[in-house]
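Visitor: Take a look and give me a structure for this.
(2 chains)
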Amino acid sequence: MALIDYANPTRFLAFAERVLPWLIGLTALALAAGLYLTQGAPDDYQQGATVKIMFLHVPTAWLSMFGWIVMSIAALGTLVWRHPLADVAAKAAAPLGAAFTFLCLTTGSLWGRPMWGTYWVWDARLTSELVLFLMYLGVIALWRTVEDPSRAGRAVAILTLVGAINIPIIKWSVDWWNTLHQPASVVKLGGPAIHPTILIPLMTMAVAFTLLFVTLHIAAMRNEILRRRVRSLMLLRAQAAPGSAS
Amino acid sequence: MSPLAAIFLRDIRLAVRVGGGGGIGVLFFLTVVVLMPFAIGPDLALLARIGPAILWLGALLASLLTLDRLFTADHEDGSLDLILMSGTPLELTIAAKAFAHWLTTGLPLVIVVPLLGLFMNLDGRASAAVSLTLLVGTPALTFIGVIGASLSVALRRGGLLLAVLVLPLTIPVLIFGVSASNAAIIGPLPFGTPFTILCALSLVSLVVGIFAAAAALRHGME
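Guide: Numbers count the residues shown, from 1 in each chain, chains lettered A, B, ... in the order given. Down below sits the predicted model:
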């Protein structure tokens, strides 16, 4: 089964119906396992139990960027290969990415309040995440403004690719800007030096959230295909109506 | 006359004769800068410190204000369809239009900066630094704005959407423009580093902007 087989929306719908129950079950299992494992993770010697918000915060941060990557690949699919499902995938991914970015910002500031004494710092990572959130909202606004879905898809695809160029620039340049004005005050994870008691629950949660993203994404794609069918049916009916009236 | 030169001259004539697009941008820039002391208080030392940031922000908003006319007017009177159908490569046409747009709206902003710098209590050296960074930075704003203008050309109320789409993309230009100005005024970093990156951003957005805008126009006008 190649990816091209699912270019047909009807086949994709059948595939979604078959695979969604399994995905939902897997996601629930992974989330349960992740939540159970986080209960066993030790408290930080400095931060106490508040460190556990990390198990929500880090996966959502990862998925906020994953969402834009999905949209960029879908944008290539729209512009280069004209894959009929690519703009459906892009449209379904945008609100999901925005939601995970919002969760990441919220959990981050709830974590930041007891740790840094403030909800918000104009730090490089926080700022670039906020900019990412704004870009998601812009993409969603463009989707809603253009009425014809295929035209909207191509406009959004161009914007997505331009935004994808911008993301590393934003991350890197704000870093640079901060070192000019104030030293970075953000706590950073010790990279590979994380102890397995923390690392294993974190990875489990990351897998669980990725499964959640994939499940919601396929469900949203299914809804979008159905929504487009309803739209074209209504257009057909609207075209037929004046003929029958006259 | 070559088609590109014709479009370039036509856009400049339109901007100068009809409605004074560049003049309105400068007026808006002036108003934003005048409003700032009312908002943050007339402390001259504070104004001098944040002056470059205010001037950059004002120029960014002013250049945004005139962008939605870039393609919309052509779309309304049908000349955009003729431009799309002509044999001239669309990318070059967009580059010509964008350059004409920058000459009539971006360059006037740069020219009035020394005057507005007086309001912000900037000395001559600081004003020169801000002017120089705006001179190399405003083309980037125009070329990024061209993408938004071409995406929103056929939309009703596209102007508001244009601002939302374009502003996040201009953040790097704003960051390096302000940090280059500040580096020239208070240091401690050398002026050259952020200034070179600002030049690079302008060149990159020139390439990305015209190709993305051409793709957006081709797809949007079908």
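Visitor: Grab the nearest non-local neighbour of the residue nearest the centre of chain A.
Guide: Nearest to the geometric centre of chain A sits residue A:97, at 2.4 Å (CA atoms, centre = their mean). Closest residue to residue A:97 apart from its sequence neighbours, by CB to CB, 6 or more residues apart in numbering or on different chains: residue A:67 at 2.4 Å. No exception for glycine: its C-beta is placed from N, CA and C like everyone else's.
Visitor: what about that neighbour, is that helix, strand or coil?
Guide: helix (DSSP: H, G, I helix; E, B strand; the rest coil).
Visitor: Next up, the contacts around it.
Guide: Counting by CB atoms under 8 Å, 6 or more residues apart in numbering or on different chains, residue A:67 touches A:93-94, A:96-98, A:100-101, A:136, A:213.
Visitor: Check the spacing between the residue of chain B found nearest chain A and residue B:194 real quick.
Guide: Taking CB to the nearest CB, chain A has its nearest neighbour within chain B at residue B:219, 3.9 Å off. For residue B:219, the distance to residue B:194 equals 36 Å [CB to CB, to the nearest Å].
Visitor: which of the two has more neighbours?
Guide: residue B:194 (25 against 19; other CB atoms under 10 Å in any protein chain shown).
Visitor: what are the phi and psi angles of that one?
Guide: phi -70, psi -30 (degrees, to the nearest 10).
Visitor: so which helix or strand takes in the spatially closest residue to it that is not a sequence neighbour?
Guide: Leaving aside its chain neighbours, residue B:194 sits nearest to residue B:180 (3.9 Å; criterion: CB to CB, 6+ apart). Using DSSP states H and E, residue B:180 falls within helix B:171-185.
Visitor: and that helix, what's its mean pLDDT?
Guide: When pLDDT is averaged over helix B:171-185, the result is 86.
Visitor: Same check on stretch A:117-135?
Guide: Stretch A:117-135 comes out at a mean pLDDT of 81.
Visitor: Report the separation between residue B:69 and residue A:139.
Guide: From residue B:69 across to residue A:139, the span is 24 Å (CB to CB).
Visitor: Would you mind telling me which of the two has more residues around it?
Guide: Neighbours around residue B:69 and residue A:139, counted as other CB under 10 Å, are more numerous at residue A:139. The numbers are 27 against 19.
Visitor: Quick check: which element contains the closest residue to the more buried one other than its chain neighbours?
Guide: Leaving aside its sequence neighbours, residue A:139 sits nearest to residue A:94 (CB to CB, 6+ apart; 5.0 Å). Assigned by DSSP H and E, residue A:94 belongs to helix A:86-116.
Visitor: May I see the buried residues of that helix?
Guide: Under the neighbour-count criterion of 16 or more other CB atoms under 10 Å in any protein chain shown, helix A:86-116 has A:86-105, A:107-109, A:111-112 buried.
Visitor: ok, back up a step: list the residues that contact the residue nearest to residue B:194.
Guide: Residue B:180 neighbours (CB under 8 Å, 6+ apart): B:129, B:133, B:191, B:194-195, B:198.
Visitor: Over to residue A:111?
Guide: Residue A:111 neighbours (CB under 8 Å, 6+ apart): A:50, A:53-54, A:57.
Visitor: Of those residues, which is the nearest to residue A:155?
Guide: Residue A:155 has its nearest neighbour among these in residue A:57, at 33.0 Å by CB to CB.
Visitor: Verify the stated contact: that closest one with residue A:108.
Guide: Yes: Residue A:57 is in contact with residue A:108 according to CB atoms under 8 Å; the separation is 5.6 Å.
Visitor: This completes my enquiry, with thanks.
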